[in-house]
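> When you get a sec, could you give me coordinates for this:
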Amino acid sequence: MDTMIGSMDACRVSPCNDLGSIPNNGNVSTIHNSTPTTLFNQAEATLGRHLARRLVQIGVNDVFSVPGDFNLTLLDHLIAEPGLNLVGCCNELNAGYAADGYARSRGVGACVVTFTVGGLSVINAIAGAYSENLPVICIVGGPNSNDYGTNRVLHHTIGIADFTQELRCFQTVTCNQAVVNNLEDAHELIDTAISTALKESKPVYISISCNLPAIPHPTFSREPVPFSLAPRLSNHMGLEAAVEAAAEFLNKSVKPVLVGGPKLRVAKASQSFLELANASGYAVSIMPSAKGLVPENHPHFIGTYWGAVSTSFCAEIVESADAYLFAGPIFNDYSSVGYSLLVKKEKAIIVHPDRVVISNGPSFGCILMKDFLEALAKRLKHNRTAYDNYHRIYVPEGHPLKCEANEPLRVNVLFQHIQKMLSGDTAVIAETGDSWFNCQKLKLPEGCGYEFQMQYGSIGWSVGATLGYAQAARDKRVIACIGDGSFQVTAQDISTMLRCEQKTIIFLINNGGYTIEVEIHDGPYNVIKNWNYCGLVDAIHNGEGKCWTTKVRYEEELIEAIEKATGENKDCLCFIEVIVHKDDTSKELLEWGSRVSAANSRPPNPQ
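I've put the predicted structure just below:
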């Protein structure tokens, strides 16, 4: 229990410790720590420029924005910052999704919108970033500072004199909120918000009155002092007790396994998990939303543990183990396939980012996952029994049946060809829907990026996220797999990809509807109006920028399209519309959909 650990004050350290670096997906971004000496002229000593410098300082070089009258002056000052690039998006929702995608690659992202009409539009994306533990700085241009405390009714509001509606909405999906309507405490409010986003790895909300960004102030006249965060430390007594209990639990087991979860990212513990895997010899698997966080070329990697829709032979090994360690799991109805996982609490060690729970026994608080995994690696006996069992029962996957000449293209054949495109220089973005399941089966080469949004599961997320990720990861070519239903939600920002000269390859999988919804509960509402998708993208292109589109119906056409996308059109945004049958889905989606449907349709409990 937590009482075994001693004082909880061990979690807190004096806030005078300077933050010398900010994590960046396992890397670090150095922040200048010496005594501030740079003096800015009056044009640079403004609130707007201070905010811009702060964003650059934490590693944000691109801000995704939609202009509105309350944020226009702020945008002027963001543009003026040499290290900051303003990326104008087609709508606020996509700007938020782009900041989400950017944060996945760079470690932090930012977006700027206008008051209420923009803020309430972007809030869905911010909620998604919150659910995925992504530090996104959401900046809103707010009302004139003179209007606060009056009975005036402003445009872009719901018609009442209370301006707090937007703030109250954001309080539920951000970890800190700053309303800057005077210059005296602006520096402190902004720094606190940004620091909290980095510390908590969650989004924050910053509202800046529209009349303030251009005004100089003495607090902005010098180089900003370094951010000052209280680093989180493990309680050493508790850490030792937790490691001792966990080692005893695992060392007496016969065939233990390791399962990596999505919170390895927020805990910055992927490398520590890998060290534990190397030291222990255990079979290693991942939860679906942790794909990309653990290298799949590890010699003891056995695939994705996703209950009934797991990688072949993986669930059998995990569920038959007499002990399993889950590092950073999220057990929701989707990841548990309608609450049907066959894992038992008494066999499990659950490692949260700051807490360890061992079987039905004690819970140890104030322990960082990274510290725990590294310490545990030194205490475990080498045991490869579970992996040896996997190796004995494993049968290599078959290849999909070859398409006959002029046979309509099948989805499994499509993804067989996408697999061949992957390398350390690529990244995969998988949209909510059947792409979850098809992309999950891709074997990622070392260094290949992978992102999808499983906890929040917002249809349409991938268009904006692809824009943001590609903007941050210029060293990779992004391959996005998007269904036609999802694409219709957020298609406009193909335009922004072209303006940013991105070279993404988008596979638009056209099967005529919301297929994932069909497999949960079918109805006429799951059928959508078909578009001429290539024609739409060509119209958006409009001769400006580099863009190549094609439509494929057969395997021969797909092969030719991929050759052109990776060859003569390697410097273009490539859009490949793939026509498939409306009922052509992965077997995993069929199983998963029926189980989720059963969970959704449970009758009310008796009163």
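> what helices or strands is the helix or strand encompassing Ala315 leaning on?
For Ala315, the element it lies in under DSSP states H and E is helix 314-320. Applying 3 or more C-beta pairs under 8 Å, 6 or more residues apart in numbering; DSSP states H and E, one finds that helix 314-320 contacts strand 257-260, strand 283-286, strand 301-304, helix 385-393. C-beta: built from backbone N, CA, C; applies to glycine.
> Give the partner strands of the first one in its sheet and their orientations.
In this case it means strand 257-260. According to DSSP bridges, strand 257-260 forms sheet pairs with strand 283-286 (parallel), strand 324-327 (parallel).
> Name the residues of the last one that are buried.
Across strand 324-327, burial judged by 16 or more other C-beta atoms under 10 Å covers 324-327.
> Name the surrounding residues that touch that strand.
Applying C-beta atoms under 8 Å, 6 or more residues apart in numbering, the contact partners of strand 324-327 are 246, 250, 256-261, 263-264, 269, 273, 276, 282, 287, 318, 343, 347-351, 369, 373.
> For ChimeraX, write a command that selects the buried ones of those residues.
Provided next is the ChimeraX selection string for whichever of the contacts of strand 324-327 are buried by 16+ other C-beta under 10 Å:
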select :246,250,256,257,258,259,260,261,263,264,269,273,276,282,287,318,343,347,348,349,350,351,369,373
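> Next up, phi/psi of Ser597, please.
The phi and psi values for Ser597, taken as degrees, to the nearest 10, are phi -60, psi -40.
> Which pLDDT value goes with it?
On the pLDDT scale, Ser597 is placed at 79.
> Let me know the next secondary structure element after the helix or strand of the chain with the lowest mean pLDDT.
One helix or strand of the chain scores below all others by mean pLDDT, DSSP states H and E: strand 27-30, with a mean of 36. Downstream of strand 27-30, the next assigned helix or strand under DSSP H and E is helix 47-57.
> That following helix packs against which elements?
For helix 47-57, the packing partners by 3+ C-beta pairs under 8 Å, 6+ apart come out as helix 72-79, helix 186-200, strand 204-209.
> Mind putting those into TSV with distance to Cys138, mean pLDDT and mean neighbour count?
Formatted as TSV, the helices and strands packed on helix 47-57 follow (distance: least, C-beta to C-beta, whole Å; pLDDT from 0 to 100; neighbours: other C-beta atoms under 10 Å):
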stretch	distance to Cys138	mean pLDDT	mean neighbour count
helix 72-79	13	97	19
helix 186-200	9	94	20
strand 204-209	5	97	26
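> could I get the ones you listed as CSV with distance to Ser586?
Formatted as CSV, the helices and strands packed on helix 47-57 follow (distance: least, C-beta to C-beta, whole Å):
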stretch, distance to Ser586
helix 72-79, 43
helix 186-200, 36
strand 204-209, 38
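> Give me the contacts around stretch 450-458.
Contacts of stretch 450-458 (C-beta under 8 Å, 6+ apart): 100-101, 104, 124-125, 127-128, 131-132, 262, 288-289, 291-292, 330, 332, 334-335, 427-432, 435-436, 439, 442, 444, 461-462, 465, 469.
> So for that stretch, could I get the coordinates as PDB, restricted to C-alpha?
Coordinates of each C-alpha in stretch 450-458 appear next as PDB, following Å, rounded to 0.1, in the frame of the first residue of the first chain:
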ATOM      1  CA  TYR A 450       3.400   4.600 -36.300                       C
ATOM      2  CA  GLU A 451       0.500   6.600 -34.900                       C
ATOM      3  CA  PHE A 452      -3.200   6.200 -34.400                       C
ATOM      4  CA  GLN A 453      -5.800   7.500 -32.000                       C
ATOM      5  CA  MET A 454      -7.400   4.500 -30.200                       C
ATOM      6  CA  GLN A 455      -8.500   5.900 -26.900                       C
ATOM      7  CA  TYR A 456     -10.500   8.800 -28.300                       C
ATOM      8  CA  GLY A 457     -11.200   7.200 -31.700                       C
ATOM      9  CA  SER A 458     -12.300  10.400 -33.500                       C
END
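> How far does that stretch sit from its chain's centre?
7 Å (C-alpha atoms, centre = their mean, to the nearest Å).
> quick one on the thing from earlier: quick one: closest of the helices and strands packed on helix 47-57 to Gly119.
Checking these against Gly119 by C-beta to C-beta gives strand 204-209 as the closest, at 8.0 Å.
> What residues sit buried inside the helix or strand following that closest one?
Using DSSP H and E, the helix or strand that follows strand 204-209 in sequence is helix 236-251. Going by neighbour count (16+ other C-beta under 10 Å), the buried part of helix 236-251 is 238-239, 241-243, 245-247, 249-250.
> Determine the set of other helices and strands touching helix 236-251.
strand 348-352, strand 355-358, strand 363-365, helix 369-377.
> Sounds good, over and out.
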